[in-house]
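Novice: Compute the structure for the input listed below.
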Amino acid sequence: MPLVFAGVCSHAPGIRSRYEQADQTLREGLYVAFDEMREALEATRPDAIVVVAAEHFANFFMNNMPSFAIGMADFYDGPIEDTDWLKIDKVRTPGNRDLSHRFITEVMKGSDVSYAEEWRFDHGIILPLSFLTPRYDIPVIPVNINCQGPPLAPLPRVWSFGESIRAAADALPERIAIIGTGGISHWPATPDSGKINEAWDRDFLDRWVRNDREALLAYDDLTVYADAGQGGFEIRTFLAVSAAAAGAKGTVHFYAPIPIFAVGCTIATYQIAA
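Specialist: The predicted model follows:
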């Protein structure tokens, strides 16, 4: 069945943990946008959500760092972070091992991927889910793109991976949604944490909503690092969704630089044909 939903959102831990310290108008606008994204997602009645994220050395480290990995389990626990700090309670999120197995098998027809039968969610996945599936009642297929430890997958390979995700979704009878989550510009865990390059973010989002493959693949990691920080490498999750959207055009429902959240906060979706 064709893909039923495609969107992206930010996943910075401060969105929950430092909520009270943020500008009230901006934080409430972001939370409203998350809620509207949840409503749009629920309206498509997905059987599973493919969450394309960039994790933070929670399951994969430099002794085993796949470029692309997909979860294949019946459940996923998280967050790994301290709940008092992250302000998200521990929860067991449902998976669907059989569906994940079939999904991975289809993805492998177009892209080389690793899989994991054990996976603990960090804030990169659990924070978006806390907004978009607050009852944690929709099975999740977690996907990780290495955005942490170079060498990173070249952007054209990321695009091909997104196309493979779309082909897999279209080949399955279940209704599949895809959500990419990451930056955009940010400098996490550095002295520059809280720095945001708004002009760079807005230019990137312009390319993203137009689903301009040539413009999106024109980035290189050296200039991304200089202009958007090491957190900017997470544009890979957004590009995978662009490729999966197969030319659909998008809408930015919310964007604002919120320094206390340490990222340019984004909610955006593609218009996927019924």
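
Novice: The closest residue to M65 other than its chain neighbours: how many residues sit nearby?
Specialist: Using C-beta to C-beta, 6 or more residues apart in numbering and skipping residues adjacent in sequence, the residue nearest M65 is G149, 5.1 Å away. Glycine gets a C-beta too; all of them are placed from N, C-alpha and C. By other C-beta atoms under 10 Å, the residues close to G149 number 12.

Novice: Show the residue spans covered by the helices in the chain.
Specialist: Taking DSSP state H to define them, one finds helices in the chain at 14-17, 24-43, 83-86, 97-107, 123-132, 155-171, 198-210, 213-216, 221-228, 235-244.

Novice: Looking at these, which is nearest to A256?
Specialist: Of all these, it is helix 24-43 that lies closest to A256, at 4.9 Å by C-beta to C-beta.

Novice: by contact count, what packs against the closest one?
Specialist: strand 5-10, helix 123-132, strand 250-258, strand 263-270 (3 or more C-beta pairs under 8 Å, 6 or more residues apart in numbering; DSSP states H and E).

Novice: So for V51, which of those sits nearest?
Specialist: If we rank those by C-beta to C-beta, the stretch that ends up nearest is helix 123-132, at 5.2 Å.

Novice: which residues touch the closest one?
Specialist: Identification of contacts with helix 123-132 by C-beta atoms under 8 Å, 6 or more residues apart in numbering yields 9, 11-13, 15-16, 31, 34-35, 37-38, 41, 49, 51, 53-56, 58, 76, 78-79, 81, 86, 88, 91, 93, 121, 136, 140, 142, 179, 181-182.

Novice: got a list of what D77 touches?
Specialist: So D77 contacts 90-93, 120-121 (C-beta under 8 Å, 6+ apart).

Novice: now with 10 Å?
Specialist: By C-beta atoms under 10 Å, 6 or more residues apart in numbering, the residues touching D77 are 90-93, 118-121, 126.

Novice: And it, how far from W85?
Specialist: Applying C-beta to C-beta, to the nearest Å, the value for D77 to W85 is 17 Å.

Novice: what bits of the protein have low per-residue confidence?
Specialist: Applying pLDDT under 70 to the chain flags the ranges 274.

Novice: Need the residue closest to the centroid of it.
Specialist: T181 (1.9 Å; C-alpha atoms, centre = their mean).

Novice: Wait, it touches M37, no?
Specialist: No: T181 sits out of contact with M37 when judged by C-beta atoms under 10 Å, with a separation of 11.2 Å.

Novice: which residues are common contacts for these two?
Specialist: Both T181 and M37 are contacted by 7-9, 128, 132, under the criterion C-beta under 10 Å, 6+ apart.

Novice: and the two most separated of the residues you listed?
Specialist: V8 and L132 (11.5 Å).

Novice: more crowded one of these two?
Specialist: Each of V8 and L132 has its neighbours counted (other C-beta under 10 Å); V8 has more, 30 against 23.

Novice: which residue sits closest to that one in space, ignoring its chain neighbours?
Specialist: G180 (4.3 Å).

Novice: what sits against the nearest residue to F103 once chain neighbours are set aside?
Specialist: Nearest residue to F103, sequence neighbours excluded (C-beta to C-beta, 6+ apart): A168, at 5.2 Å. A168 makes contacts with 3, 50, 70, 102-111, 141, 176, 244, as judged by C-beta under 10 Å, 6+ apart.
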